[in-house]
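quick check, what structure comes out for this input:
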Amino acid sequence: MPLWHADSSLHDVDAVVLPGGFSYGDYLRCGAIARFAQVMPTIVDAAKGGMPVLGICNGFQVLCESHLLPGALTRNQHLHFVHRDQPLEIANAATAWTNAYEAGQVITVPVKNGEGCYVGDERTLDELEAEGRVIAYYVGNPNGSMRDIAGITNERGNVVGIMPHPEHAVEALTGPGTDGLGFFSSVLSSLVAAQ
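Sure thing, here's the model as predicted:
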């Protein structure tokens, strides 16, 4: 069921995906205004209660702006929009969104961003890596993300943000293959196991 930014209810959905694209023109900072959408406090509360939430590209930016995930996404270091099929190494295969993969597995999904450079202070980056909260690393960093980080998770593993677009790699005819499908089969198996 699609949710609307002005919704105050999640309408009994079992998981939420904040998609890529642009929100409110991204005039202030990517995701900064979307953070104040009427639906966001409900999503934040549900995520803190354990609901699976995935933020893709701009959705990742919104999750960081909403403080569900640490760090921020800034302008690509080379100041250019990048669009290419991107290899990623899965680092954490134990989240609600990555359990269909194996740690160390390399997958290919498209990356499409101008503001995809993940940044954080050294303490945050050290904690993310020490706690196994980096879910994927770039293999050949396309945007200058610190420590090649492509995606991260919260402590509980139910909230994941990823800059590349797994939803654009779920069908061989329209994408580079089906490597992104594991994000969505992962959450389905997590939801079934929770029942």
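
surely residue 179 is in contact with residue 100?
No - using CB atoms under 8 Å, residue 179 makes no contact with residue 100, being 10.5 Å away. From N, CA and C alone the C-beta is placed, and that goes for glycine too.

in terms of neighbours, single out the busier of these two.
residue 179 (21 against 18; other CB atoms under 10 Å).

which ones are touching the nearest residue to the more buried one once chain neighbours are set aside?
Nearest non-adjacent residue to residue 179, counting by CB to CB, 6 or more residues apart in numbering: residue 107, 3.7 Å away. Residue 107 makes contacts with 87-88, 90, 101, 169, 179-180, 182, as judged by CB atoms under 8 Å, 6 or more residues apart in numbering.

ok, the residues you listed vs residue 74, which is closest?
Distance to residue 74, by CB to CB, is smallest for residue 88 among the contacts of residue 107, at 19.7 Å.

phi, psi of the closest one?
phi -130, psi 150 (degrees, to the nearest 10).

could you check how far the residue nearest in space to the middle of the chain is from residue 54?
A centroid search over the chain (CA atoms, centre = their mean) returns residue 161, at 2.1 Å, as the residue closest to the centre. Residue 161 sits at a distance of 8 Å from residue 54 (criterion: CB to CB, to the nearest Å).

over to residue 61?
Here residue 61 is placed at a distance of 13 Å from residue 54 (CB to CB).

so who does the closest residue to residue 14 other than its chain neighbours touch?
Leaving aside its chain neighbours, residue 14 sits nearest to residue 191 (5.2 Å; criterion: CB to CB, 6+ apart). Counting by CB under 8 Å, 6+ apart, residue 191 touches 14-15, 52.

am I right that residue 191 sits in a helix?
Yes - looking at residue 191 with DSSP: H, G, I helix; E, B strand; the rest coil, it is inside a helix.

what's the spacing between it and residue 65?
26 Å.

go on, residue 193?
The gap separating residue 193 from residue 65 is 30 Å, by CB to CB.

residue 99 now?
For residue 99 relative to residue 65 (CB to CB), the value is 27 Å.

compare those two (neighbour count), which wins?
Higher neighbour count among residue 99 and residue 65: residue 65, with 23 against 19, using other CB under 10 Å.

give me phi/psi at the more buried one?
Torsion angles, degrees, to the nearest 10, at residue 65: phi -60, psi -30.

kindly report the same for the one 5 residues further on.
Comment: the main-chain dihedrals of residue 70 come out as phi -80, psi 170, following degrees, to the nearest 10.

excluding its backbone neighbours, what's nearest it?
Nearest to residue 70 is residue 124, by CB to CB, 6+ apart, at 4.9 Å.
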